[in-house]
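In: got a predicted structure plus its sequence, pasted below:
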Amino acid sequence: MTLVNDAAPAVRSTGRKFRAFTAKHLDELTARAGLSPEQQLATRAVATVLPFRTNSYVLDELIDWDAAPDDPIYRLVFPMADMLPADDVAHLSDLLRKEAPKAEIEAAANAVRMKLNPHPAGQMELNIPSFGDGKVPGLQHKYDETVLYFPKQGQTCHAYCTYCFRWAQFIGEPDLKMAGDDSQQLREYVLAHPEVTSVLFTGGDAMIMGESVLRRYVEPLLDLEQLESIRIGTKSLAYWPQKFVTDPDADDMLRLFEQVVESGKNLAFMAHFSHPRELEPLVVTEAVRRIRDTGAVIRTQAPLIRTINDDPAVWETMWRTQTRMGMVPYYFFVERDTGPQDYFAVPLAEAYEIFRNAYKNVSGLSRTVRGPSMSATPGKVCVDGVLDLMGEKVFQLHFIQARDAELVGKPFFAQYDPNAVWLDDLKPAFADKFPFQP
């Protein structure tokens, strides 16, 4: 099997080997951003609760250090002192200052974590199915046609986003982690559920795995006629595009992508871009070209995040650039109800205006994007607009996807609330309950 183009370009930074930076590097890095010793301590306090990891590419190529700590990419990956309640940060800072025992610091950090809704939308209670003699480790089945799988070896990322709704995967608590390593059990589960037409490999980041490891999960699915698509959820194009250009197994990985396409399946590469700057390096353009040359389709998605991309011009630029590069804008999400949601969330009314003001300025090719979408417990709920209806100001909403497939596409209404940031904040309009409520 031969790739359409095996040649890797001589582009900046692609020759560097991956180097990770973790919480032990925080003082050095935040000093570079101009933080005072007290601010550095508060940052380390937040990092005892929420995971921190970045890499040399993000630090050298994406962050504008002259603008830090206000630079959007800096805020995308670095903990901020005000992300958590001030009392919690002060308590943790005090423990760090007096060099309290590690167990005491971890206990205090864990107490804060438990207040942050580590697994939203019924992920642990409702999404993990029973099969055979028990649960299937690492598998979620929320919507009839789609199965999510969390490969054990893919439960980290090239860098962590501060707003990540899967932050609980990275804090070392086994009870909060979803992971499986039995590809045969995954295959058997899919075969036993003929309604499943798509498998999504997620994490963490599926592309943290090497080609030989990813192959062990993907290859057993390729002869299943019921499957129409295999999806790979990843932030790698933004945080480590070298994965597809100059990494040692880059060509092998792309050959695996070709194999998926040649098996008759749609390979959907679900790329996560939070800001236009992530699209600027030449190595990203080359990585996108090489992936698309395998026959894979790259779809783009990200949540709306306060202080990082809460500007319609940012989204318009992203969608235009992605379309020009041959990618397909897919989802404009609302920040999930987990982690530091209060810090990052944008009210739904404002989110809709940001979406609309970006959407109206792009061509039809970019209007494949859907949103603002909330991945809530009953399903993906889209805010369609704000209306004056029957003398009442309301939100119009509909389900893009739902646990109950009968709800998909049906409009419903909620009372207008300028402060609402999530589905649970809304109250039904013109009815006693929402259609998804029992």
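Out: Nice, I can see it.

In: any idea how far residue 383 is from residue 436?
Out: Using C-beta to C-beta, to the nearest Å, one gets 15 Å for the distance from residue 436 to residue 383. All C-beta spots, glycine's among them, are computed from the backbone N, C-alpha and C.

In: more neighbours, these two?
Out: Here residue 436 and residue 383 are compared on neighbour count by other C-beta atoms under 10 Å; more neighbours surround residue 383, at 25 against 17.

In: show me what contacts the more buried one?
Out: Listed by C-beta atoms under 8 Å, 6 or more residues apart in numbering, the contact set of residue 383 reads 334, 348, 351-352, 355, 371-374, 395-397.

In: next secondary structure element downstream of the one helix or strand it maps to?
Out: Secondary structure here is read from DSSP states H and E; on that basis residue 383 sits in strand 379-389. Elements were assigned by DSSP H and E; along the chain past strand 379-389, the next helix or strand is strand 392-402.

In: average pLDDT for that following strand?
Out: When pLDDT is averaged over strand 392-402, the result is 97.

In: touching it from outside, list them.
Out: For strand 392-402, the external contacting residues (C-beta under 8 Å, 6+ apart) are 143, 348-349, 370, 373, 378-388, 407-416, 426, 429-430, 436.

In: buried stuff in that strand?
Out: Of the residues in strand 392-402, those buried by neighbour count under the rule 16 or more other C-beta atoms under 10 Å are 394-402.

In: do stretch 87-107 as well
Out: Buried residues in stretch 87-107, counting neighbours by 16+ other C-beta under 10 Å, are found at 88-89, 91-93, 95-96, 105-106.

In: give me the low-pLDDT residue ranges for the protein?
Out: Confidence mapping of the chain against pLDDT under 70 gives the ranges 1-16, 117-126, 165-177, 339.

In: for it, what spans make up the helices?
Out: Ranges of helices within the chain are 26-32, 37-49, 56-57, 72-77, 86-97, 102-113, 183-192, 211-218, 236-239, 250-262, 282-293, 312-324, 341-344, 348-359, based on DSSP state H.

In: neighbouring contacts of the shortest one?
Out: Spelled out, that is helix 56-57. With C-beta under 8 Å, 6+ apart as the contact definition, helix 56-57 has outside contacts at 13, 16, 18-19, 21, 158, 239-242.

In: from the residues you listed, which ones fall inside strands?
Out: residue 21 (DSSP state E).

In: the contacts of helix 56-57: which two are farthest apart?
Out: Greatest spatial distance among the contacts of helix 56-57 (C-beta to C-beta): 21 and 241, at 18.0 Å.

In: who's more crowded, these two?
Out: Of the pair residue 21 and residue 241, residue 241 is the one with more neighbours under other C-beta under 10 Å, namely 28 against 18.

In: tell me the contacts of that one?
Out: Residues near residue 241 by C-beta under 8 Å, 6+ apart: 14, 57, 281, 283-284, 286-287.

In: could I get those residues as TSV with neighbour count and distance to residue 150?
Out: Conversion of the contacts of residue 241 to TSV gives the following (neighbours: other C-beta atoms under 10 Å; distance: C-beta to C-beta, whole Å):
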residue	neighbour count	distance to residue 150
14	20	29
57	22	25
281	19	29
283	22	28
284	23	26
286	21	29
287	27	24
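
In: including distance to residue 209, could these go into TSV?
Out: Listed next are the contacts of residue 241 as TSV, based on distance: C-beta to C-beta, whole Å:
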residue	distance to residue 209
14	20
57	18
281	23
283	20
284	20
286	21
287	17
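
In: nearest to residue 338, of those?
Out: Within the contacts of residue 241, proximity to residue 338 (C-beta to C-beta) peaks at residue 57, which comes in at 27.0 Å.

In: for the helices of the chain, which one sits closest to residue 299?
Out: Ranking those by distance to residue 299, with C-beta to C-beta as the measure, places helix 312-324 first at 9.3 Å.

In: so the closest one versus helix 282-293, what angle?
Out: With axes from the mean of the first three to the mean of the last three C-alpha atoms, to 10 degrees applied, the angle from helix 312-324 to helix 282-293 works out at 50 degrees.

In: what about residue 184, how many residues close to it?
Out: Other residues within reach of residue 184 by the criterion other C-beta under 10 Å amount to 9.

In: OK, contacts around it?
Out: Applying C-beta under 8 Å, 6+ apart to residue 184 gives the contacts residue 220.

In: that one and residue 386: what is the separation?
Out: Counting by C-beta to C-beta, the gap between residue 184 and residue 386 amounts to 50 Å.

In: ok, residue 289 next?
Out: Computed as C-beta to C-beta, the residue 289 to residue 386 distance reads 40 Å.

In: try residue 241
Out: To residue 386, residue 241 is 39 Å away according to C-beta to C-beta.

In: same question for residue 411.
Out: Separation of residue 411 from residue 386 (C-beta to C-beta): 13 Å.

In: neighbour-wise, which of those two wins?
Out: Each of residue 411 and residue 386 has its neighbours counted (other C-beta under 10 Å); residue 386 has more, 17 against 11.

In: quick one: the more buried one and residue 350 touch, right?
Out: No: between residue 386 and residue 350 there is no contact under C-beta atoms under 8 Å: 10.7 Å.

In: ok, the nearest residue to residue 427 once chain neighbours are set aside - contacts?
Out: Across the structure, with C-beta to C-beta, 6 or more residues apart in numbering as the measure, the residue nearest residue 427 apart from its sequence neighbours is residue 415 (4.8 Å). By C-beta under 8 Å, 6+ apart, residue 415 lies in contact with 392-395, 426-429.

In: any chance of those residues in CSV, plus distance to residue 131?
Out: Output for the contacts of residue 415, formatted as CSV (distance: C-beta to C-beta, whole Å):
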residue, distance to residue 131
392, 46
393, 46
394, 42
395, 38
426, 35
427, 38
428, 36
429, 40
